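S.K.: Prediction below, plus the sequence it came from.
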Amino acid sequence: MNSLASRDRAQANRYLTNTAILRLALWAVSLIPVALIAAIYYAFFDLTNDTAGALALLMIGMLPSSLAESLAFLFNAYEKFEYRIAVDFTTRLFSVALAVVVLLLGYGYLGLATVSIITNLFTLGVFWFLVRATLFTPRWEPDRKLARWMFFESFPLMLNNLLSSLFFRIDILILKPFKG
């Protein structure tokens, strides 16, 4: 979306809408394999309720994070990098401060997963406000043909990113069943 919007800023809202639709659809589709793997580990490999709950909270937190990234890329397209950097810095400070409070209160990793949701909602809200205040007012502008083109054009990159992430984390899924 970044390069498309930077080439034709008049179409930025259209790209934003369709990117958000794709991100929402991919997030919804990702819930199926995550739920399936979690169910298998819960049934056969002693996945605790707390861990399953944290996983569910983290999956919920991925949606506002993904949508916030769509808004953040607009600042790259408009060459207003200072907004994105300021929001990223503020969000990290907010996240660390909230995480410290949650850990000191004894909420553990469930609390940290909740902090993830809160932080991602905060980031989404800030980016939404800044896009409206500095760039344009987003409006619903779906385009099925554009969304389909975007999906197929970006599919190899998405697959590469997914596989590279899995390759570096697959050991967790493999070693958990062998735990003594």
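M.R.: Structure received.
S.K.: any weak-confidence spans in the chain?
M.R.: 1-8, 173, 176, 179-180 (pLDDT under 70).
S.K.: go again using 80 as the cut-off
M.R.: 1-9, 162, 165-180 (pLDDT under 80).
S.K.: Please enumerate the helices of it.
M.R.: Along the chain, counting by DSSP state H, helices occupy 2-7, 12-44, 49-77, 81-104, 108-130, 144-175.
S.K.: which residue packs closest to L71, ignoring adjacent ones?
M.R.: Excluding the flanking residues, the one nearest L71 by C-beta to C-beta, 6 or more residues apart in numbering is F127, at 3.8 Å. In short, each C-beta sits where N, CA and C put it, glycine included.
S.K.: In this structure F45 contacts L175, no?
M.R.: No: counting by C-beta atoms under 8 Å, L175 is not a contact partner of F45; they are 10.5 Å apart.
S.K.: okay, those two: which has more neighbours?
M.R.: Neighbour count, other C-beta atoms under 10 Å: between F45 and L175, F45 has more, with 12 against 9.
S.K.: any idea how far S154 is from the closest residue to that one other than its chain neighbours?
M.R.: Once flanking residues are discounted, F45 sits nearest to P177: 5.0 Å by C-beta to C-beta, 6+ apart. Per C-beta to C-beta, to the nearest Å, P177 is found 34 Å from S154.
S.K.: Compare these two (neighbour count), which wins?
M.R.: Comparing P177 with S154 by other C-beta under 10 Å, the one with more neighbours is S154, at 14 against 11.
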